[in-house]
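*Asks:* task: produce atomic coordinates for the following.
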Amino acid sequence: MQRASGIGDDEIDQRMAVADAHNRRHGISDADTLADQQLYIQGKMELEEYQQYLLFKHSNPNA
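*Replies:* Sure, this is the predicted structure:
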């Protein structure tokens, strides 16, 4: 299922800046993580929904 982004460009830019700073601080550069982050950055998921997604993804040994 595809969901349209409900946020504006300014919010996307702000989320991207926060994610970039976080990634630099923690040395995050793998493509899978960066792709997952786009779900939140682009407004496809809200923060709580995104956190639940990550919890499910990383707790599932078949993922």
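
*Asks:* which residue ranges form the helices in the protein?
*Replies:* Chain-ordered helices for the chain, with DSSP state H as the definition, fall at 9-26, 31-41, 47-59.

*Asks:* for the residue sitting nearest the centre point of the chain, which non-adjacent residue is spatially closest?
*Replies:* For the chain, residue 37 is the residue whose C-alpha lies nearest the centre (CA atoms, centre = their mean; 2.2 Å). Leaving aside its sequence neighbours, residue 37 sits nearest to residue 19 (CB to CB, 6 or more residues apart in numbering; 5.1 Å). To be clear about C-beta, it is placed using only N, CA and C from the backbone, and glycine gets the same treatment.

*Asks:* residue 41 is in contact with the one you found, correct?
*Replies:* Yes. Using CB atoms under 8 Å, residue 19 is in contact with residue 41, at 5.8 Å.

*Asks:* between these two, who's got more neighbours?
*Replies:* The residue with more neighbours, out of residue 19 and residue 41, is residue 41; 23 against 17, by other CB atoms under 10 Å.

*Asks:* residue 6 contacts residue 44, doesn't it?
*Replies:* No. If you go by CB under 8 Å, residue 6 and residue 44 don't touch, sitting 9.3 Å apart.

*Asks:* look at these two and report which has more neighbours.
*Replies:* Per other CB under 10 Å, whichever of residue 6 and residue 44 has more neighbours is residue 44, with 17 against 9.

*Asks:* okay, the closest residue to residue 54 other than its chain neighbours: pLDDT?
*Replies:* Excluding the flanking residues, the one nearest residue 54 by CB to CB, 6+ apart is residue 36, at 6.9 Å. Note on residue 36: pLDDT of 95.

*Asks:* and residue 36, how many neighbours?
*Replies:* Residue 36: 17 neighbours (other CB under 10 Å).

*Asks:* how close does it get to residue 23?
*Replies:* Counting by CB to CB, to the nearest Å, the separation of residue 36 from residue 23 is 12 Å.

*Asks:* sketch out the low-pLDDT regions of the chain for me.
*Replies:* By pLDDT under 70, the low-scoring segments of the chain are 1-5, 60, 62-63.

*Asks:* gap between the closest residue to residue 53 other than its chain neighbours and residue 25?
*Replies:* Computed as CB to CB, 6+ apart, the closest residue to residue 53 that is not its neighbour in sequence is residue 45, at 6.4 Å. When distance is defined by CB to CB, residue 45 is 22 Å away from residue 25.
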